[in-house]
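In: Sharing a model prediction with you, sequence too.
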Amino acid sequence: MSHASSAPPSRPSSPAPLYRRWPARIACVQYDVKLGKVAENTAKVERLTRNIQPGSIDLLVLPEMCLSGYIFNSPISILPYIEPQRIGSTSLLARSLAQKLKCHVIAGYPESLPTAPQPPESSNSSNSLSSLSSNPENSINNSNAGPSEMKQLEGEGTGVGYNSAVVVSPSGEVVGNYRKTFRFETDKNWAREGDGFMHFDLAEPLGRVAVGICMDMNPKDFVAPWDAFELANYCRDNAVDMLVVPMNWLSPPAEPPEETPEEDPDAPSESNLNYWAARLQPLHDPVPGYTTPRGEIADPIGGKEVIFVACNRVGTEEGTKFVGTSSVMTISSNPSRIELVECCNISEERVMIATVT
């Protein structure tokens, strides 16, 4: 995890060129996830993506906890839905989509602890993918664990799993797994804190891809200084080409005595687009502490373009409304600019495809 500081004297080079040799084609699947309806949510994703032509996109992104739903108020309530790495319902769906569409896939899911009881991975990977992704209820259901296993799963008060995202290559191989670093209040009901921000070096035109999850965009616990810009500075300091953020993002309530204004269901949430842009300030408008001091050699990557991908959900869950507005932006600090390439509105279910040249 990176904290606010002056830029280090040298940073690792990115595997992607400064200017892409061909466009990056990015798809976000925005939909109304139904709480606890894994098979129903899986079928909806498959239906929404069925008309995408194989090889027509480079990256497909699904929201945070995209098959389970999000609002679980206790460790026991989420136990039936936490998944092992690679062979859980979300990973199997992501692997199946990656192979079918010949693209990378990033998807959010509730990850079980490594010590939790897990079934053996099938030696026949293709059969495992087809059977389990079409019937997610065949995957592990930890609610049937015995007393000793339940004690392990409950984590003795420290959390029963992680709010995670899986990264899958076009071959169907799991090439990365990221655990949410900054937990929202709902996450703290069941999830452990992750190990810190991460990035993955993927094939062109994606390059160096950092993955964050929802709350990672905010100051830690909403008490860290606004200008710590933890996630954005991590991206800048590690020469990231793309930041992908699966979300369950909602509009904050208005401060009393104001009432929350009614938003146009056929428009994006401008307030959230502006908020995300503001949280990415080090990538498009560095404050003086991050600029090159006079007399020093200019930062060779300081002005590079970064693609920001936000994949959110829509609908209402346990009285909480999610605001969609899945979007792709391009960001550069030299010249300082941020451009909205494509976005969804706050209510629609669709696959949004953006091409970044």
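Out: The structure has been received and is ready for your questions. Quick caveat, the model's predicted, so the values are computed rather than measured.
In: and S269, what is it in contact with?
Out: Shown in contact with S269 (Cβ atoms under 8 Å, 6 or more residues apart in numbering): S251, E263, V323, G324, T325, I346. Every C-beta, even on glycine, is put in place using the N, C-alpha and C of the backbone.
In: nearest to D285, of these?
Out: Nearest to D285, judged by Cβ to Cβ, of the contacts of S269 is T325 at 21.6 Å.
In: OK, contacts around the closest one?
Out: With contacts defined as Cβ under 8 Å, 6+ apart, the neighbours of T325 are W249, P268, S269, N272, L273, A310, N312, C343, C344, N345, I346.
In: can you pick the most crowded of those residues?
Out: Within these, neighbour counts (other Cβ atoms under 10 Å) peak at A310, which reaches 28 neighbours.
In: Tell me if I'm right that it and M247 touch.
Out: Yes: under the criterion of Cβ atoms under 8 Å, A310 makes contact with M247 at 6.0 Å.
In: Give me the buried positions along stretch 201-214.
Out: In terms of neighbour count (16 or more other Cβ atoms under 10 Å), stretch 201-214 has its buried residues at L202, P205, L206, G207, R208, V209, A210, V211, G212, I213, C214.
In: With stretch 44-56 instead?
Out: By neighbour count, and taking 16+ other Cβ under 10 Å as the criterion, the buried residues in stretch 44-56 are K44, V45, L48, T49, I52.
In: need the contact list for the fourth one.
Out: T49 makes contact with A27, V29, L60, L97, L101, V351, according to Cβ under 8 Å, 6+ apart.
In: Tell me how far it lies from L280.
Out: Per Cβ to Cβ, to the nearest Å, T49 is found 28 Å from L280.
In: repeat for the last one
Out: Counting by Cβ to Cβ, the separation of I52 from L280 is 28 Å.
In: Can you give me the end-to-end span of stretch 65-72?
Out: End-to-end distance for stretch 65-72: 11 Å, by Cα to Cα, to the nearest Å.
In: Could you pull up the mean pLDDT of that stretch?
Out: Looking at stretch 65-72 alone, the average pLDDT works out to 98.
In: ok, residues contacting it?
Out: Outside stretch 65-72, the residues within contact range by Cβ under 8 Å, 6+ apart are 29, 33-38, 41-42, 45, 64, 78, 81, 89-90, 93, 107-110, 136, 163, 186, 189-190, 246, 248, 313, 317-318, 320.
In: Alpha carbons of the one helix or strand K100 maps to, as CSV, please.
Out: Taking DSSP states H and E as the definition, K100 sits inside helix 89-101. Extracted as CSV, the C-alpha positions of helix 89-101 are listed here (Å, rounded to 0.1, in the frame of the first residue of the first chain):
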residue,chain,number,x,y,z
SER,A,89,-18.9,-19.8,-8.8
THR,A,90,-17.5,-16.4,-9.8
SER,A,91,-14.1,-17.7,-10.8
LEU,A,92,-15.7,-20.5,-12.9
LEU,A,93,-18.0,-18.0,-14.6
ALA,A,94,-15.0,-15.6,-15.2
ARG,A,95,-12.9,-18.4,-16.6
SER,A,96,-15.7,-19.6,-18.9
LEU,A,97,-16.4,-16.0,-20.2
ALA,A,98,-12.6,-15.4,-20.7
GLN,A,99,-12.3,-18.6,-22.9
LYS,A,100,-15.5,-17.9,-24.8
LEU,A,101,-14.8,-14.2,-25.5
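In: Just give me how far the helix or strand following that helix sits from the chain centre.
Out: Following helix 89-101 in sequence order, the next helix or strand is strand 104-112 (DSSP H and E). Here the centre of mass of C-alpha atoms in strand 104-112, compared against the chain's by Cα atoms, centre = their mean, to the nearest Å, lies 8 Å away.
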